[in-house]
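Asker: need a 3D model of the following:
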Amino acid sequence: MGLGAVLLGQSAYSAAYIYQTSFVVGERRVFCLLDDAMISMRYARHFAAGLGLVWNPAGERVEGITNLGWTLIMALVHACAGRDGHGAGTPCLMVQCLSLAMLLANTVFTFAVVKKLVPRSSDAAVFAGFATAVFYPLNTWALQGLEVGLLAMLFSCAVWCVLGSDATLRSVVTPALLLALAVLVRPDAALVGLAIIGAGAVCAQPRARLYRMAWGSSAILVALVLQTAFRLGYYGDPFPNTYYLKMTGFPAHLRCARGAAYTGYQVLALLWPMGLLALLVRLRGLRQGDASMCIPRALAVPSAAFVSACVYSVYVGGDAWEGIVLTNRYVTQVAPCFFAVCGWFAAWCWDRRAAFLRGRAVFAVIAGLIVVLIHSQTGGAALGRWLLLERPPFVEDNMRNVRLALLFEQVTAPGARIAIDYAGTAPYFCDREFVDLLGKSDRYVARGMMHRGILAKPPWLEFYPGHLKWDYAHSIGRLRPDVVCAIWRRSIGDSQQHLRGGYWHLPVLGTDTYWRKDSGRIHWDLLPGTLREVPQ
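Answerer: Predicted structure coming up:
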């Protein structure tokens, strides 16, 4: 009954969240995902239309995505939706609903994991399921279109299967297949997958360890080999273009230092409320003979998943959106594993019958306060967003970018080339050729050096994944786009020499746009404003 109530509440909350991410443009309600997810949606739309798994149908093949499996699911969504709903973002709504279904399944699996860890305590399992269901970063990344919800579900299900009997098909073959699927969704899921398989093998009986390791590692390796073979054959590169964009051209030790700073803060933010509960249990007294904590070996499986994702987050330097919500994508996708461990710890506290835990109602209040404490650490605005009193993040950007897309379609002719840094939303809603100024779908830019010293921060915080490479001599001077839009503000000085003299400047919707003076693909009479020379 408790799990059913959690799932019902999660469904209602998520439906309200999805509605808040939509907005009205003209007389039409538009559904839209965050900009990075819309890059995958553009690839998916082209693939579903038979134009190839590419960002620009007429351009070179560049893998500007890191989530091949999720993009293929998005392509299936487009094939089901057809062309009619594209302008209103119907495929986006379908992806959000699909992510909601995955989040519900993830909550069920988290509940089931805690039931494996603590069979006698349904309250602890409900607590873990509730904490997972209302975790705002998980809802944000999943319901705004990233693969986080799918990966969280696969990891939680794999952990649940690994905790089964040693010799059963479910505990050996099923988790191997689930984790192989996770690798096909996103190749860096291999690290978490190997951690789950390794911890499961250590916790298993000696006769079952070899089977677990062999099946799990083999399945993950096969998935990596297949994906790499496809990438080499289709794109001609051994790694996604995003690997070269984010992992090359910047000192590794500074990248890891930045990752350690942000990831460490996120881990501490999750841990200290549970540490406070442990302190209260200790101070308020335990039952005699219960001072020690007997930790089950099975707890190593969800713990290993969580730790491995945190290590990976450190290695890659964290994410581009640190601080918008409490945890980044890498930590968030294993947050259900963390809450499963918290569920076991809550059961331990309950069993010890500390003086302040004498009733289920008190326990529920304390559990609720822990969840509130976790969500209140990034300020009142974040708490307001969690309670749906304010719109989710990224919506304002989406509104602007959809309006820019509609403007570009109106004032440019087919065949026009538009350079842009927000490479997802506007390119998805505008059927034109685009130039990716920040290099996600541009092989030349991605292999350049990162620009340093632009963030006015200590060197170990200068790293900003995916936003530190540009080459305007190439993107503007060589490719000669008809329109240049929303130049990355931290690099504005580098762009002026390539714009001055050849482009008109026109602020639109709070965004700087530049229009090539000799372009024959611009309907000059339809531009909404007065053209000016590019400022000095």
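Asker: packing partners of the strand or helix carrying Ser217?
Answerer: Assessed by DSSP states H and E, Ser217 sits inside helix 206-234. If contacts are counted by 3 or more CB pairs under 8 Å, 6 or more residues apart in numbering; DSSP states H and E, helix 206-234 sits against helix 169-185, helix 189-203. Yep, even glycine has a C-beta here, placed from its N, CA and C like the rest.
Asker: what is the mean pLDDT for the first one?
Answerer: This means helix 169-185. Per-residue pLDDT over helix 169-185 has a mean of 91.
Asker: ok, now the shortest one?
Answerer: Per-residue pLDDT values across helix 189-203 average out to 93.
Asker: how about the contacts made by the spatially most central residue of the chain?
Answerer: In the chain, the residue lying closest to the centroid (CA atoms, centre = their mean) is Arg329, at 4.2 Å. Neighbour list for Arg329: Trp141, Leu146, Val148, Asp319 [criterion: CB atoms under 8 Å, 6 or more residues apart in numbering].
Asker: Val183 against Leu194, yeah?
Answerer: No. Using CB atoms under 8 Å, Val183 makes no contact with Leu194, being 9.8 Å away.
Asker: could I get the full set of helices for the stretch 401-536 of the chain?
Answerer: With helices called from DSSP state H, counting those that start in this stretch, the stretch 401-536 of the chain shows them at 425-429, 443-446, 472, 492-499.
Asker: what about stretch 43-53, start to end distance?
Answerer: Counting by CA to CA, to the nearest Å, you get 5 Å between the two ends of stretch 43-53.
Asker: who touches that stretch?
Answerer: For stretch 43-53, the external contacting residues (CB under 8 Å, 6+ apart) are 54-55, 57, 61, 64-65, 71-72, 74-79, 86, 91, 234, 428.
Asker: next: stretch 431-438.
Answerer: Contacts for stretch 431-438 (CB under 8 Å, 6+ apart): 55-56, 58-59, 64, 245, 408-409, 412, 414-421, 423, 426-427, 442, 445, 466-467, 469-470, 472, 475, 479, 481, 484, 487-488.
Asker: next, the buried residues of the helix or strand containing Phe47.
Answerer: If you go by DSSP H and E, Phe47 is part of helix 35-48. Across helix 35-48, burial judged by 16 or more other CB atoms under 10 Å covers 35-48.
Asker: same question, stretch 207-224
Answerer: For stretch 207-224, burial by neighbour count (16+ other CB under 10 Å) applies to Ala208, Arg209, Tyr211, Arg212, Met213, Trp215, Gly216, Ser217, Ala219, Ile220, Ala223, Leu224.
Asker: format those as a markdown table; extra columns: distance to Ala367 and pLDDT.
Answerer: As requested, the buried residues of stretch 207-224 are arranged in a markdown table below (distance: CB to CB, whole Å; pLDDT from 0 to 100):
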| residue | distance to Ala367 | pLDDT |
| --- | --- | --- |
| Ala208 | 35 | 78 |
| Arg209 | 36 | 83 |
| Tyr211 | 38 | 84 |
| Arg212 | 33 | 86 |
| Met213 | 36 | 90 |
| Trp215 | 37 | 90 |
| Gly216 | 33 | 92 |
| Ser217 | 37 | 94 |
| Ala219 | 36 | 96 |
| Ile220 | 35 | 97 |
| Ala223 | 37 | 97 |
| Leu224 | 39 | 97 |
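Asker: and of these, the nearest to Gly26?
Answerer: Closest approach between those and Gly26, by CB to CB: Ala223, at 44.3 Å.
Asker: can I assume Ala58 sits in a strand?
Answerer: No. Applying DSSP: H, G, I helix; E, B strand; the rest coil, one finds Ala58 to be coil, outside a strand.
Asker: which residue packs closest to it, ignoring adjacent ones?
Answerer: The shortest distance from Ala58 to any non-neighbouring residue, by CB to CB, 6 or more residues apart in numbering, is to Glu433 (6.3 Å).
Asker: return the distance of the one you found relative to Ala75.
Answerer: Distance of Glu433 to Ala75, given as CB to CB, to the nearest Å: 20 Å.
Asker: same check on His46?
Answerer: 9 Å.
Asker: with just CA atoms, put stretch 195-215 into CSV.
Answerer: Below are the C-alpha coordinates for stretch 195-215, written out as CSV (Å, rounded to 0.1, in the frame of the first residue of the first chain):
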residue,chain,number,x,y,z
ALA,A,195,31.3,-2.1,-10.3
ILE,A,196,27.9,-3.7,-9.9
ILE,A,197,29.2,-7.0,-11.4
GLY,A,198,32.4,-7.0,-9.3
ALA,A,199,30.6,-6.2,-6.0
GLY,A,200,28.0,-8.8,-6.8
ALA,A,201,30.7,-11.4,-7.4
VAL,A,202,32.5,-10.6,-4.2
CYS,A,203,29.3,-10.9,-2.2
ALA,A,204,28.4,-14.2,-3.9
GLN,A,205,29.3,-17.7,-2.9
PRO,A,206,32.7,-18.8,-4.2
ARG,A,207,31.2,-21.2,-6.7
ALA,A,208,29.1,-18.5,-8.3
ARG,A,209,31.7,-15.7,-8.5
LEU,A,210,33.3,-16.9,-11.7
TYR,A,211,29.9,-17.1,-13.5
ARG,A,212,28.9,-13.7,-12.4
MET,A,213,32.2,-12.1,-13.5
ALA,A,214,32.4,-14.0,-16.7
TRP,A,215,28.8,-13.2,-17.8
